[in-house]
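Asks: Sharing a sequence plus its predicted fold:
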Amino acid sequence: MTDSTALLTRLEETKGDERLEKESHVDLEGKRAVAASSLKTEVFGSRLLLPTLLILSNLSAAAVVVLMYIWMSKYNGGKEAMQGFSWEDKSPKVFNWHPVFMTAGFGFCTTQALLAWAMPFPRVLNKSMHAIWHTGAWAFSAVGLYAVFKFHNDMGIANLYSAHSWFGLATIGLYGLQYILGLTFIMPLSIVGAEARELVLVFHKFFGLGAFLMALATMAMGILEKMTFNKTGPSKGMEYEITNAAGMVLICQAIVVSAAMMIRAGQQELGQRKQK
């Protein structure tokens, strides 16, 4: 009996050891899975991807403005008389303000306005930055529009004669609507209720990104139109390279800014779900 009891006891201990080993193996696998998931979150979530997209968004937005400035100041048309900037009447250099100020307004400032919501600041500060940058976009763009209308009127050229012009007007109209919708968020709740704000916010987000992409498309059309006027081709050398580089940067800007906005929206939705 004693030998049998000892044997049974040893068997139970062996089974217990095997059970502990299995549990520790499962626990180890679980920890590995959690670590892998955490790594995916760091790489594909906010810790690495979003900051990278924000950096690329800012670089691309600034690069387009710089390229427009270099093009208009040093290589426009391959003629010195067309290069540089001026506000003198009937000067061809008046036009050169247009691409620079439009890309600075609807390109750079609007990018900053959109990315303001992705900044790790209090909501009030983000909202203020959003409004300030959008106001800056209007200010720069107003100068750009004045430049092109002045140039056309001085030179006896018809206004609003191309697809670029009409796309531009449509973009400006959509921006104006967005600006008005944005004002509802600073009105008292007694005037615009919470439910109305939620509804307006859906349209504000959708049309905000849409207006931004329309602006980039209009810029690309403007570059192509100006290249056509200047007969810009491979033989033009640096002008050809600058204009094509600007077009590629606009594509990059559209992708990275849109991606940053989508990821930020996903993070906010995930955070709201966790709170619930």
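Replies: Structure's in. What do you need? Residues are numbered from 1 along each chain as shown.
Asks: Give me the helices and strands touching the strand or helix carrying residue 247, please.
Replies: For residue 247, the enclosing helix or strand under DSSP states H and E is helix 238-275. With contacts taken as 3 or more CB pairs under 8 Å, 6 or more residues apart in numbering; DSSP states H and E, helix 238-275 sits against helix 49-70, helix 110-115, helix 194-230. The C-beta positions use only the backbone N, C-alpha and C, and glycine is treated the same way.
Asks: Now do that helix and helix 49-70, the angle between them.
Replies: For helix 238-275 against helix 49-70, the angle by axes from the mean of the first three to the mean of the last three CA atoms, to 10 degrees is 150 degrees.
Asks: Please report how far the spatially closest residue to residue 75 that is not a sequence neighbour lies from residue 60.
Replies: Spatial nearest neighbour of residue 75, chain neighbours left out: residue 239 (4.0 Å); criterion: CB to CB, 6 or more residues apart in numbering. Separation of residue 239 from residue 60 (CB to CB, to the nearest Å) stands at 21 Å.
Asks: Can you flag the weakest of the helices and strands packed on helix 238-275 by average pLDDT?
Replies: Of all the helices and strands packed on helix 238-275, the minimum mean pLDDT falls on helix 194-230 (a mean of 91).
Asks: Per-residue confidence at residue 186, what does it come out as?
Replies: 72.
Asks: what's the neighbour count on it?
Replies: Using other CB atoms under 10 Å, residue 186 has 9 other residues around it.
Asks: how close does it sit to residue 128?
Replies: On the measure of CB to CB, residue 186 and residue 128 end up 10 Å apart.
Asks: returning to that earlier point: deepest of the helices and strands packed on helix 238-275, which one?
Replies: helix 110-115 (a mean of 23; mean count of other CB atoms under 10 Å).
Asks: what sits up against it?
Replies: Outside helix 110-115, the residues that touch it by CB atoms under 8 Å, 6 or more residues apart in numbering are 54, 57-58, 61, 129-131, 133-134, 137, 208-209, 211-212, 215, 253, 257, 260-261.
Asks: Looking at the helices and strands packed on helix 238-275, spot the one closest to residue 163.
Replies: Nearest to residue 163, of all the helices and strands packed on helix 238-275, is helix 194-230, at 6.3 Å by CB to CB.
Asks: Leaving out chain neighbours, which residue sits closest to residue 159?
Replies: For residue 159, the spatially nearest residue (CB to CB, 6+ apart) is residue 152, at 5.1 Å.
Asks: so which strand or helix has the one you found?
Replies: Assigned by DSSP H and E, residue 152 belongs to helix 123-155.
Asks: Quick check: which ranges of the stretch 51-200 of the chain have low pLDDT?
Replies: 187-190 (pLDDT under 70).
Asks: For the helix holding residue 247, buried residues please.
Replies: For helix 238-275, the neighbour count (16 or more other CB atoms under 10 Å) marks 239-240, 242-243, 246-247, 249-250, 252-254, 256-261, 263-264 as buried.
Asks: Taking helix 194-230 as reference, get the angle to it.
Replies: Using the same axes, to 10 degrees: helix 238-275 against helix 194-230 is 170 degrees.
Asks: residues near residue 165, how many?
Replies: 18.
Asks: Return the distance of it relative to residue 200.
Replies: Distance from residue 165 to residue 200, by CB to CB: 30 Å.
Asks: Ok, residue 161 next?
Replies: Taking CB to CB, one finds residue 161 at 36 Å from residue 200.
Asks: ditto for residue 98
Replies: Relative to residue 200, and taking CB to CB, residue 98 is found at 33 Å.
Asks: Spit out the contact partners of the nearest residue to residue 94 once chain neighbours are set aside.
Replies: Excluding the flanking residues, the one nearest residue 94 by CB to CB, 6+ apart is residue 151, at 4.4 Å. Applying CB under 8 Å, 6+ apart to residue 151 gives the contacts 92, 94-95, 98, 157.
Asks: Return the subset of these lying in helices.
Replies: Taking DSSP state H, the ones among these that sit in helices are residue 98.
Asks: just the buried members of the contacts of residue 151?
Replies: Using 16+ other CB under 10 Å, the buried members of those are 92, 94-95, 98.
Asks: which two in those residues are spaced the farthest apart?
Replies: 92 and 98 (11.8 Å).
Asks: got a list of what residue 155 touches?
Replies: Residue 155 sits next to 90, 92 when contact means CB under 8 Å, 6+ apart.
Asks: Look up phi and psi at residue 232.
Replies: Dihedral pair for residue 232: phi -80, psi 120, per degrees, to the nearest 10.
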